[in-house]
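A.B. asks: make a model of this:
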Amino acid sequence: MDLLITFFQSTGFASMTWQHAAMIFLGLVFLFLAIRLKYEPLLMVPIGLGMIIGNIPYPESLALGTKDPGSVFYILYQGVDKGIYPPLIFLGIGAMTDFSSMIANPKLVLLGAAAQVGIFITLLGGLALGFTVNQSAAIGIIGGADGPTAIFLSSILAPELLGPIAIAAYSYMSLVPIIQPPIMHALTTKEERKIRMPPPRNVTRRELIIFPIACLVITLLIVPATMTLLGMLFLGNLLKECTVTDRLANTARNGMIDVVTILLGFCVGVSTHGSSFLSPESIKIFILGITAFSIATACGLLFARFMNLFLKEKINPLLGAAGVSAVPQSARVVQKVGQDADPQNFLLMHAMAPNVAGVIGSAIAAGVLLSVLAP
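C.D. replies: Numbering: from 1, shown residues only. Below is the predicted model:
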């Protein structure tokens, strides 16, 4: 009987709390969204299963968690805690990104910049809700819908909030098809959504090679703190465009980014312990996150309409919604909403211009915040 009692005390049932059960249920919700509804499955499946594993109670003597030095999960989690995984994600993103649409129509870059306003407005909202300025800055970056950047900035400015911020960022990235369309319909007319964009000009190989080099030098001279993220982004893009490093580019955009995505999502999920995750601060973070993302979308749409006041050749204001960094989800949403108004309207390639500009913009915004607030 003593042996049975000892065994029972070592099981997860003995130490299970309502917080653990709630987080396990939330992990199952993530898996449902990923598998059944196909919302960002490459991220949501590792995160969801990680949340379940991370909330199975275990005896302290076993030292299995992300906060137990020497455990396997602790070692893997260092890639999140030390900001190693996000730059590797950016390397892969750069190797799969085509900047030709942005180069062909540079004025669309302004839409990517306008969408970043949500980051700084949310920073003020975080201060109003009682967060410190560093915590507010880390929360605000959710508005860019850029999970790796949110994790990178949080690991430096607010490591105590890393779990809720990461979950919020990736949750809203996966829910782009639900969150953005109502805002797009509310802030544009049907006639505006029908505006057709002219075919973009052909971009030469020379331009594609020069762009990542020139853009890297210019952005780093202005905001050196973006070196880690943008350095890896433009390295990946140069590997793709120079045509002499195809093997490296293929590795970066296929095998490497897949491995890092698995580790990043899983480690973020495992780190979300119910005892610390389910708190009033987490609820505030999720509220601020959805507010930031909505404001970023609205700013992009409204700025596109503002630009049309001065342009002879009007742009479709839906493109402004693609200014957030959710690549390519938000560009696909723009395409779908545009075709709902006009089935022959093809906006996807045009939407990729503000979309990839948003990736650069959110990294620059994070660099500005790091430059001012980093300890």
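A.B. asks: mind listing what's buried in the helix or strand hosting Ala296?
C.D. replies: For Ala296, the element it lies in under DSSP states H and E is helix 280-308. The neighbour-count check on helix 280-308 (16 or more other CB atoms under 10 Å) flags 281-282, 284-286, 288-305, 307-308 as buried. Where C-beta positions appear, they are placed from N, C-alpha and C, glycine not excepted.
A.B. asks: show me the contacts for the closest residue to Ala63 other than its chain neighbours.
C.D. replies: Among residues not flanking Ala63 along the chain, Ser71 sits closest, at 5.2 Å (CB to CB, 6 or more residues apart in numbering). Remark: with contacts taken as CB atoms under 8 Å, 6 or more residues apart in numbering, Ser71 is in contact with 63-65.
A.B. asks: taking the residues you listed one by one, which sit in helices?
C.D. replies: Assignment to helices by DSSP state H places none of those there.
A.B. asks: could you flag which of those are buried?
C.D. replies: Neighbour counting with 16+ other CB under 10 Å marks 64-65 as buried within the contacts of Ser71.
A.B. asks: tabulate the contacts of Ser71 (TSV), appending pLDDT and distance to Ala186.
C.D. replies: Converted to TSV, those look like this (pLDDT from 0 to 100; distance: CB to CB, whole Å):
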residue	pLDDT	distance to Ala186
Ala63	79	51
Leu64	82	48
Gly65	82	44
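A.B. asks: how about the very next helix or strand once past the helix holding Ala296: buried residues?
C.D. replies: Past helix 280-308, further along toward the C-terminus, the next helix or strand under DSSP H and E is helix 329-341. By neighbour count, with 16+ other CB under 10 Å as the criterion, the buried positions of helix 329-341 are 329-338, 341.
A.B. asks: stretch 15-30 too?
C.D. replies: Of the residues in stretch 15-30, those scored as buried under the neighbour-count criterion (16+ other CB under 10 Å) are 19-20, 23-24, 26-27, 30.
A.B. asks: ok, the residues you listed vs Asn345, which is closest?
C.D. replies: Phe30 (33.8 Å; CB to CB).
A.B. asks: for the closest one, which residues are in contact?
C.D. replies: 44-45, 47-48, 51, 269.
A.B. asks: farthest pair in these?
C.D. replies: By the measure CB to CB, those have their two most distant members at Val45 and Met51, which lie 11.0 Å apart.
A.B. asks: out of these two, which sits in the more crowded spot?
C.D. replies: The residue with the greater number of neighbours, taking Val45 and Met51 and applying other CB atoms under 10 Å, is Met51; the counts read 29 against 19.
A.B. asks: I'd assumed Ala22 was in contact with that one.
C.D. replies: No. Between Met51 and Ala22 no contact is recorded; they are 10.3 Å apart, counting by CB atoms under 8 Å.
A.B. asks: contact partners for the residue most central in space within the chain?
C.D. replies: With distances taken as CA atoms, centre = their mean, the residue of the chain nearest its centroid is Asp146 (2.1 Å). Contacts for Asp146 (CB under 8 Å, 6+ apart) come out as 169, 324-326, 358-359, 362-363.
A.B. asks: ok, it to Lys314 distance?
C.D. replies: Counting by CB to CB, to the nearest Å, the gap between Asp146 and Lys314 amounts to 29 Å.
A.B. asks: do the same with Leu233
C.D. replies: Following CB to CB, the distance that separates Leu233 from Lys314 is 31 Å.
A.B. asks: more neighbours: which of those two?
C.D. replies: Leu233 (28 against 15).
A.B. asks: from the chain's centroid, how far away is the helix or strand harbouring the more buried one?
C.D. replies: Taking DSSP H and E as the criterion, Leu233 maps to helix 227-241. The gap between where helix 227-241 is centred and where its chain is centred comes out at 17 Å by CA atoms, centre = their mean, to the nearest Å.
A.B. asks: going by neighbour count, list what's buried in that helix.
C.D. replies: Burial within helix 227-241, assessed by neighbour count using 16+ other CB under 10 Å, is assigned to 228-241.
A.B. asks: pLDDT weak spots in the protein?
C.D. replies: Scanning the chain for pLDDT under 70 picks out the ranges 6-10, 144-145, 375.
A.B. asks: can we see that at 80?
C.D. replies: Counting by pLDDT under 80, the low-confidence segments of the chain come to 1-15, 59-63, 143-146, 171-175, 275-278, 325-328, 374-375.
A.B. asks: ok, back up a step: which one of the contacts of Asp146 has the most neighbours?
C.D. replies: With neighbours defined as other CB under 10 Å, the most crowded of the contacts of Asp146 is Val324; it has 35 neighbours.
A.B. asks: so that residue makes contact with Ala296?
C.D. replies: Yes. If you go by CB under 8 Å, Val324 and Ala296 touch, sitting 5.1 Å apart.
A.B. asks: which residues sit against stretch 169-188?
C.D. replies: So stretch 169-188 is contacted by 33-34, 39-40, 43-44, 47, 141-142, 145-147, 150-151, 193, 265, 268, 286, 289-290, 293-294, 297-298, 301-302, 305, 317-318, 321, 324, 326, 329-330, 332-334, 336-337 (CB under 8 Å, 6+ apart).
A.B. asks: quick one on the thing from earlier: okay if I get the buried residues of helix 329-341 as a markdown table plus distance to Val80?
C.D. replies: Below are the buried residues of helix 329-341 laid out as a markdown table (distance: CB to CB, whole Å):
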| residue | distance to Val80 |
| --- | --- |
| Gln329 | 22 |
| Ser330 | 25 |
| Ala331 | 27 |
| Arg332 | 28 |
| Val333 | 28 |
| Val334 | 31 |
| Gln335 | 33 |
| Lys336 | 33 |
| Val337 | 34 |
| Gly338 | 37 |
| Ala341 | 41 |
